[in-house]
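[1] Take this sequence and fold it.
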Amino acid sequence: MRKVILSILATFFLTQFSLNAQTITGKVTDAAKQPIPNVTVEVKGTSIGTSTGTDGSFLINAPKGSGGLIFSSIGYETKEVAITGSSIDVVLARSNAKSLDEVVVVGYGTKIKKDLTGNIAKVKGSDVQGMPVTNLNQAIQGRAAGVFVETNNGKIGEGVKVRIRGSGSLSASNEPLYVVDGIPISTDANSGNPIADINFNDVESFDILKDASAAAIYGSRAANGVVLITTKKGKAGKTNFQVNTQFGINSPTNYRGFLNAKEYVELLREAAVNSDKLEGVDPSDPSQYPGSWLQFAERRLTRYSGWSDWKKLETNTDWEKLAFNQRAATSALDVSASGGNDKTKFYISLSNLNQTGILIGNDLKRISARINLEQAVNDRFKIGFNLSATQTKTGRVPEDNEFSTPMQIVALSPVTPFKDKSGKVYNSPTTTYQNPYVDFTEGRYNSTSYRNIGNIFGQYNFNSNLFFRSELGIDLQNQNDDQFYGPNTTFGNGTNGYGESGWFRGLTYNTNNYFSFKKKIKDVHDLDAVAGMSFQEYNISFANVFGEQFPTQQLQKLASSGLIKGGSSSESASAFLSYFSRVNYKYNNKYLLSLSGRVDGSSVFGNDRRYGFFPSVSAGWVLSEEKFLQKIPTISFLKLRGSWGLTGNAEGFGNFASRGLWSGNAYNGTGGLGSSQLANPDLRWEKSNQVDIGLDFGLFQNRISGEIDYYVRKTNDLIYNVPVPGNTGFSSKTVNVGSMENKGFEFVLNTDNIIQKDFKWSTSLNWATNQNRITKLDGDQSLLPGNDGRYLNSLIVGEAIGVFYGPKFAGVDPANGDALYYKQDGSTTNNYNEAGNFIVGNPNPKYIGGVTNTITYKGIEISFLFQGVFGNQIMNGAGGFMSASFDWFDNQTRDQLNRWQKPGDITNVPQLRLGYGNGIAASSRYVENGDYVRLKNVTIAYNFPSELVKRAKLSSARLYMTGVNLLTFTKYSGWDPEVNTDYRAGNRNQGGDFYSAPQIRNFSIGLNVGF
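    Residues are numbered from 1 along each chain as shown. This is a model prediction of the structure:
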């Protein structure tokens, strides 16, 4: 009965609408009579709208008596046309203010780009749609000035570092705040990368707030910039379906290359003989051979050879290739529907992504759905919600420093066969170390995450100038990590199998409530203001249990474990209470002023330090509106702007760092309580004080446009864990210790190089510099390298965060092959302990940039993006193993063939000495230039002719091929210059490479159809 009633009501309302509406069709073209796709067509005075197809055609139902249609598109003049019949063809002229009328999302509102007084970079979702990557940050790499994106390694679903205008903290978070449809989301996770849960094909735009004036409305969350992610919404008009499918293959960007069996045997025996000579042993003498290094090496070669004979070189295994999946592929399917009417608008999408990583055991499967709905209850009140649900399953691999991680397979000897004669993969003791391939075949590490991000909202319009909006958002993540390793694996060896299960839940809820006011007075005064409050609470729970002694490898759940060895659980929470306001004023389209302020209270600080005030002020002068510049036809647009603001940081150093903590302990089987953390009630906000001066320009009717910015960001009250005297019973305490500065230039240039009837070519270039410097550290003026022995990252006043500070390699002594180091006085020594310490490198890039070219010829589109990083160095922490002059039995990189062999040899590779460690300690020997230029993305597409598309009853059809990370130009000798080894990645510890997988190269083909 209910269905019958609903059907009757639907029929009634549709009939009423059709009786009071007229259907209008037409086509939109440019001056060259070429169709313009994606033009917004709206009925004046209503919310009814649609957009043109690839052939420029449109269809819209307009209420009878409507005043007219409004046509708008980026790069073209907006045009209003009276409704004079059922068919309307429109010609749009190119705008003299290209992109200046583009709407940019700001905190709690929007602005027109030409009215901005702050610095906001915008990346359109359409620019990155269909890219075969799993993380939205990877999609925007190289597309926004001053935004440095670096993937730690080639493992899919793992960490990606994002820095906006440099690093601003020693131990608090340096990551930007991510806001999805107005709701700040959590970037914490038990493991993996939580941003990978977001399907960026649902994204309409990324708006990146870079300077303090743009970001200060988010106060204490905005010291590292803000990324506003706006998802797609429906428009009134015909329902538009889009289907996108693609398939591609994945491969490593580079193979490093290691010694083959013949070279390995030759160099290993040479290293052993050299060591014998140092000890006065002649292994060619049968009486001295027993107990010699050479005998030791040959016994190892016999062991490593398994069933084969190393003397006959019967085996030559390329272990490096076995670390990589030879059948890695990517497939994706995205389906969406959007549309609505003047009352209801919707966007619905479903997505399925499957990606097999380049490393054995590494894959990702993501299923996601989204629905965005907006309903006008009446002329004043509307409600709606934006909701996404995602399931992400990741086959994970251990961190870079684990023997079981695939890349460490390269250490195995090439004389070792892959399998024994029974077909079983060889493992220790036949292999040099545990064989990671066994961990792959007899183990698993699966992570399953369920993520819900969404909000509901209501908005009441008091009149055309004032509205109130209330939002309630939630970010819920449940994740389970499940591991099992059989008795032959690294973790399961000697345990009859090892199993571990971890559970993580993160719950964030947020409410925003604010008034927004806009008013134009006497056509010269434009005023808009927003004021409101926000509250956010974040809770995380974690539990872990592990066991061993499994009866069989077929039973891999902990319920089958014969011995539960241990477990743990924890819970944490934090909250923010905020009040904010912003006022924007424009006079006569020339003079712009913006003021904002936010008061934040955070639970992570002491009672007297919880609240902070974060103000900003910015101003702009549109010089091109002045009469003295309007006479210069070359200048289409010119705006000078400046801003100052204060933002804060309260993330990344724990929720209870200011408090004295007690924790439960066990004493002889009895529960007890012990003090676990010193209190610091004076712990206070990190505060970033930023000044930005910028110039926006457009020349030759905006065929050339761009931005130039100079910024200085000073961060005070840096938070860090410092050592405390041992008699306190503690090792460290969280305090405010100093200050840091970032400054640099940003340059953006957009050009329309050729505009012809059938041929168009445009270029977009961005370039940025950044100079980071620690300006103050209380107490000790330097925090030198830690005790891991492989890296040199340090904190030194006057230097950049994480600079490499340590011994400087002076090359090889031509007389005897000794590794040499510089002393502090500039002389050299072969004694590492006598070496001086110097600044030998900087992991922070000085310059980053990207350039995109887009070429269209009739229905063909070609777009390619080059992305580059310059001025940074990389330290190969694994150099002391893989490029170590055969200090031990690890296979070596091919540069070791250039070793010193006789007096007079000039080389940078010391004499090979088995067991002697000739030049293998951490020094500048393993620091290299990290510069690179990469062909990041190429897309070649063909838009099928409109006649053919219509014949197939479609609205659009596009066939495309795309490639990611196709070419890399670099002098770095490692696998890939885009690297930040995952097991130690952090604010200070960066620029390290330790058996880190290269990035993924992808070739894909796809088809997108609309109907």
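
[2] For Asp276, give me its contacts.
    Asp282, Pro283, Gln288, Ser292, Trp293, Leu294 (CB atoms under 8 Å, 6 or more residues apart in numbering). Every residue, glycine included, has its C-beta placed from N, CA and C.

[3] Could you check how far the second one is from Thr431?
    Pointing back at Pro283 there. 25 Å (CB to CB, to the nearest Å).

[4] Same check on the fourth one?
    Computed with CB to CB, the distance linking Ser292 and Thr431 is 24 Å.

[5] okay, those two: which has more neighbours?
    Counted by other CB atoms under 10 Å, Ser292 and Thr431 do not tie: Thr431 has more neighbours, with 24 against 20.

[6] What strand or helix carries that one?
    Assigned by DSSP states H and E, Thr431 belongs to no helix or strand.

[7] For the stretch 801-950 of the chain, which segments count as strands?
    803-806, 809-812, 819-822, 828-829, 838-841, 847-857, 860-870, 873-876, 927-929, 932-943 (DSSP state E, counting those that start in this stretch).

[8] Name the stretch among the ones you listed that sits most buried.
    strand 873-876 (a mean of 26; mean count of other CB atoms under 10 Å).

[9] Name every sheet partner of that one and say whether each one runs parallel or antiparallel.
    With DSSP bridges as the test, strand 873-876 is paired with strand 927-929 (antiparallel), strand 992-993 (parallel).

[10] Could you save the ones you listed as JSON lines and add columns showing distance to Pro633 and mean pLDDT?
    Formatted as JSON lines, the strands paired with strand 873-876 follow (distance: least, CB to CB, whole Å; pLDDT from 0 to 100):
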{"stretch": "strand 927-929", "distance to Pro633": "46", "mean pLDDT": "98"}
{"stretch": "strand 992-993", "distance to Pro633": "54", "mean pLDDT": "96"}
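
[11] Among these, single out whichever gets nearest to Asn174.
    strand 992-993 (16.1 Å; CB to CB).

[12] contact partners of that closest one?
    By CB under 8 Å, 6+ apart, strand 992-993 touches 790-791, 793, 843, 874-878, 974-975, 979-981, 984-985.

[13] neighbours around Arg165, how many?
    28.

[14] buried residues in the helix or strand encompassing Thr390?
    In the assignment (DSSP H and E), Thr390 maps to strand 381-395. Neighbour-count burial for strand 381-395 flags Lys382, Gly384, Phe385, Asn386, Leu387, Ser388, Ala389, Thr390, Thr392, Thr394, Gly395 (criterion: 16 or more other CB atoms under 10 Å).

[15] Leaving out the residues flanking it, which one is nearest to the first one?
    In space, not counting the residues next to it along the chain, Lys382 is nearest to Ala376; the distance is 4.7 Å by CB to CB, 6 or more residues apart in numbering.

[16] Gly219: what's it in contact with?
    Contacts of Gly219 by CB under 8 Å, 6+ apart are Ser578, Phe580, Arg598, Val599, Asp600, Gly612, Phe614, Thr647, Gly648.

[17] what mean pLDDT does the helix or strand harbouring the third one have?
    Here Arg598 is covered by strand 591-602, with elements defined by DSSP H and E. Strand 591-602 shows an average pLDDT of 95 in the prediction.

[18] wait, doesn't Val909 sit right on Arg894?
    No - using CB atoms under 8 Å as the test, Val909 is too far from Arg894 to be in contact (10.8 Å).

[19] who has more neighbours, these two?
    Val909 (24 against 14).

[20] Can you give me the pLDDT of that one?
    Per the predicted model, pLDDT is 97 at Val909.

[21] all helices of the chain, in order?
    2-19, 125-128, 136-139, 212-215, 261-278, 293-304, 319-322, 436-442, 627-630, 879-882, 946-951 (DSSP state H).

[22] Tell me which of those is the most buried.
    Among the helices of the chain, highest average neighbours (mean count of other CB under 10 Å) belong to helix 212-215, with a mean of 32.

[23] Tell me the bridge partners for Lys393.
    Lys365, Thr448.

[24] Please apply the same query to Asn721.
    Beta-bridge partners of Asn721, as defined by DSSP bridges: Thr734.

[25] Am I right that it is in contact with Thr734?
    Yes - Asn721 lies in contact with Thr734 (CB under 8 Å); the separation is 5.4 Å.

[26] how about the residue nearest to Ile208 when sequence neighbours are not counted, what does it touch?
    Among residues not flanking Ile208 along the chain, Ala121 sits closest, at 4.4 Å (CB to CB, 6+ apart). Taking CB under 8 Å, 6+ apart as the criterion, Ala121 is in contact with Ala144, Ala145, Gly146, Val147, Asp207, Ile208, Lys210, Val748.

[27] wait, isn't the first one in contact with Ser205?
    Which is Ala144. No - applying CB under 8 Å as the test, Ala144 and Ser205 come out as separate, 11.7 Å apart.

[28] More neighbours: the two, which one.
    More neighbours surround Ala144 than the other of Ala144 and Ser205, with 25 against 19 (other CB under 10 Å).

[29] Okay, the closest residue in space to that one that isn't next to it in sequence and Arg165: tell me how far apart.
    By the measure of CB to CB, 6+ apart, the closest residue to Ala144 outside its immediate chain neighbours is Ala121, 3.9 Å from it. Remark: distance between Ala121 and Arg165 (CB to CB) = 11 Å.

[30] Same check on Ala144?
    Taking CB to CB, one finds Ala144 at 11 Å from Arg165.

[31] how about the helices of the chain in a markdown table, adding distance to Asp709 and mean pLDDT?
    Formatted as a markdown table, these follow (distance: least, CB to CB, whole Å; pLDDT from 0 to 100):
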| stretch | distance to Asp709 | mean pLDDT |
| --- | --- | --- |
| helix 2-19 | 50 | 41 |
| helix 125-128 | 21 | 85 |
| helix 136-139 | 22 | 83 |
| helix 212-215 | 12 | 87 |
| helix 261-278 | 52 | 97 |
| helix 293-304 | 58 | 96 |
| helix 319-322 | 44 | 97 |
| helix 436-442 | 47 | 95 |
| helix 627-630 | 21 | 88 |
| helix 879-882 | 39 | 96 |
| helix 946-951 | 42 | 88 |
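
[32] Can you say which of these is nearest to Ser541?
    Closest among those, using CB to CB: helix 136-139, at 26.3 Å.

[33] For Leu322, give me its contacts.
    Ile360, Ile409, Phe418, Tyr437.

[34] pretty sure the last one is touching Gly361, no?
    Read it as Tyr437. No - between Tyr437 and Gly361 there is no contact under CB under 8 Å: 9.5 Å.

[35] Give me the common contacts of the two.
    Pro406.

[36] what about stretch 948-960, how long is it end to end?
    17 Å (CA to CA, to the nearest Å).

[37] Pull the distance from that stretch to the chain's centre.
    34 Å (CA atoms, centre = their mean, to the nearest Å).

[38] just stretch 254-274 next, same as before
    For stretch 254-274, the distance to the chain centre is 38 Å (CA atoms, centre = their mean).

[39] just stretch 899-907 next, same as before
    45 Å.

[40] what does stretch 226-245 give?
    Chain-centre distance of stretch 226-245: 23 Å, with CA atoms, centre = their mean.

[41] What of stretch 897-906?
    Distance, centroid of stretch 897-906 to centroid of chain: 44 Å (CA atoms, centre = their mean).

[42] for the record, mean pLDDT for it?
    In this model, stretch 897-906 has a mean pLDDT of 97.

[43] same question, stretch 326-341
    So the average pLDDT for stretch 326-341 ends up being 94.

[44] list the buried ones in it?
    Buried-residue list, stretch 326-341, by 16+ other CB under 10 Å: Ala328, Ala329, Thr330, Ala332, Asp334, Ser336, Ala337, Ser338, Gly339, Gly340, Asn341.

[45] out of these, which are inside strands?
    Ala329, Thr330, Ala332, Asp334, Ser336, Ala337, Ser338, Gly339, Gly340 (DSSP state E).
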